[in-house]
Structure formats: structure tokens, C-alpha cells
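[1] make a model of this:
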Amino acid sequence: MSAALKEYVIDPEDRARADLYEFLGVLLVKPASSLLLGQVASLDGDETALGEKLTVLSKLAAVTTEQSAEREFNALFIGLGRGEFLPYASHYLTGFLNEKPLAQLRGDMAELGIQRAEGRKEPEDNIATLMEIMGGMILGRFGRVVSVAEQKRFFMTHIEPWAVHFFTDLEASDSSVFYAAVGALGRQFMEVESEAFSMLSN
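    Take a look at the predicted model:
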């Protein structure tokens, strides 16, 4: 997604949320490189449920090679013809690609001033792109810091209806070890965000 360069003062808790959204986006957009695996392996989780999932992911990253990460990613998301999963909102919500959820997302992106990045071929309702958008909205990467109410509206419309299902499927995949841990982290984070947003008034 295209990003503005202006800097904003962001609450540390919101910055941590944004960092985790963007972290998931980076992990899911393409196979993890050796550099990324090394960075993940250096992370430390805390004693929270989310922190425990991060610790497991970190330990797995330390013993995962770039080649094995690529094999996993290809089996999960690319495959021969298609992978085990189609990580798109339209597919999860309707059973088909490029359906109404994608059209609605594009309309909401236009209202928020978010443009599709040049060279990006994936439909915008890909899970990695949605994670990137949420992180960018929190940090003001699209021209302004988006209010919590707008974040909630976007999350509840485009992410909450299917992301936990997707991450749960990924966590349970027999084709995955490293990415199963990504799924566990994503599922836990989506549950935390969903609960937090549900407690906010519109």
C-alpha cells in the first residue's frame, strides 16, 4: 500500500499493535528470507498468551531455513495450481475470489485515501494486505492517523468476519511448522483485537 512520509506521535500501545499487524503482513506476503527468520528468532515474548505464541514462533524461526520456509509457504499458498489455502476475504466469506467483500474493501480504501501499491498483483483482500493496512492506519502511513472508531469499523467489516478462521486453519495445517506458529500468533492477536474493539462504543 502507498504510504505517506509524515511522522505522527503514536501511543506506545498503539505502536505495538501496529507493529504486530505489520509483522504478520510481512510474514504472510512472501516466503520468509534468512534475514527475516533471523530477526524473528531474536524476538522475545512475555508471559501473556500472545507473548507465549511469539516465543514459540521465535524458537521455530531459529531452526527454520529459508529453503524450508519457502517450501512451506509454497505448499500453503501457491502449490500446483493453488495452495492449501486461499487467504482472501472473498474466498473465506463467499467461497469465490473477487466477490462483494473485495468490492466493499476497495470502496472503503478509497474513502480512507489508501491506494493499491504499484506492482502488487494480489487482490487487496489478501490477509497480508489487510494486516498491512491496519498497521498503516494506526501509524498514519496513509496521510493521517485513523481514529479508533474508524479502525474498529474497518476491522469489524473486513477482518473480524474471517481472519480468526483463516489463522486457525493455518495453525492446524499438516503442511506447516513455522507457518503454523504464524497462524497461532495471528489467531491470538485477532482474538485480542476483536475483544478490545467489541468493548468500544461506536
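[2] can you get me a residue count around residue 10?
    When neighbours are counted by other C-beta atoms under 10 Å, residue 10 registers 15. The C-beta positions use only the backbone N, C-alpha and C, and glycine is treated the same way.
[3] what's near enough to touch it?
    Residue 10 makes contacts with 18, 138-140, 145, as judged by C-beta atoms under 8 Å, 6 or more residues apart in numbering.
[4] now residue 85
    76-77, 166, 169-170, 173.
[5] element containing the spatially most central residue of the chain?
    Centroid-nearest residue in the chain: residue 131, 3.3 Å away (criterion: C-alpha atoms, centre = their mean). Residue 131 is part of helix 127-139 when elements are defined by DSSP states H and E.
[6] so what touches that helix?
    With C-beta under 8 Å, 6+ apart as the test, helix 127-139 has contacts from 1, 3, 8, 10, 14-15, 17-22, 24-29, 87-89, 105, 109, 112, 114, 120, 122, 124, 141-142, 145-146, 150-151, 154-155, 158-159, 163, 166.
[7] hmm, try it at 7 Å
    With C-beta atoms under 7 Å, 6 or more residues apart in numbering as the test, helix 127-139 has contacts from 1, 3, 8, 10, 14, 17-18, 21-22, 24-25, 28-29, 87, 114, 122, 142, 146, 151, 154-155, 158-159, 163, 166.
[8] show me which of the residues you listed are buried.
    Using 16 or more other C-beta atoms under 10 Å as the burial test, the contacts of helix 127-139 include 1, 17-18, 21-22, 24-25, 28-29, 87, 114, 142, 146, 151, 154-155, 158-159, 163, 166 as buried.
[9] tell me how far the helix or strand containing residue 25 lies from the chain's centre.
    Here residue 25, judged by DSSP H and E, is contained in helix 12-29. Centroid displacement of helix 12-29 relative to its chain, using C-alpha atoms, centre = their mean, to the nearest Å, is 8 Å.
[10] try stretch 135-145
    With C-alpha atoms, centre = their mean, you get 15 Å for stretch 135-145.
[11] next, the distance between the ends of that stretch.
    10 Å (C-alpha to C-alpha, to the nearest Å).
[12] buried residues, that stretch. List them.
    For stretch 135-145, the neighbour count (16+ other C-beta under 10 Å) marks 135-142, 145 as buried.
[13] for stretch 25-33, measure first residue to last.
    First residue to last in stretch 25-33 (C-alpha to C-alpha) measures 14 Å.
[14] which residues does that stretch contact?
    Residues outside stretch 25-33 that contact it (C-beta under 7 Å, 6+ apart) are 36, 66, 69-70, 73, 87, 127-128, 131-132, 135, 182.
[15] all helices of the protein, in order?
    For the chain, the helices defined by DSSP state H occupy 12-29, 34-41, 49-62, 66-77, 89-94, 100-112, 127-139, 148-158, 163-171, 178-198.
[16] which elements pack onto the shortest one?
    Secondary-structure packing of helix 89-94 (3 or more C-beta pairs under 7 Å, 6 or more residues apart in numbering; DSSP states H and E): helix 100-112.
[17] buried ones in the helix it packs on?
    For helix 100-112, by 16+ other C-beta under 10 Å, it's 101-102, 105, 108-109, 112.
[18] and for stretch 174-185?
    By neighbour count on 16+ other C-beta under 10 Å, the buried set for stretch 174-185 is 175-176, 178-185.
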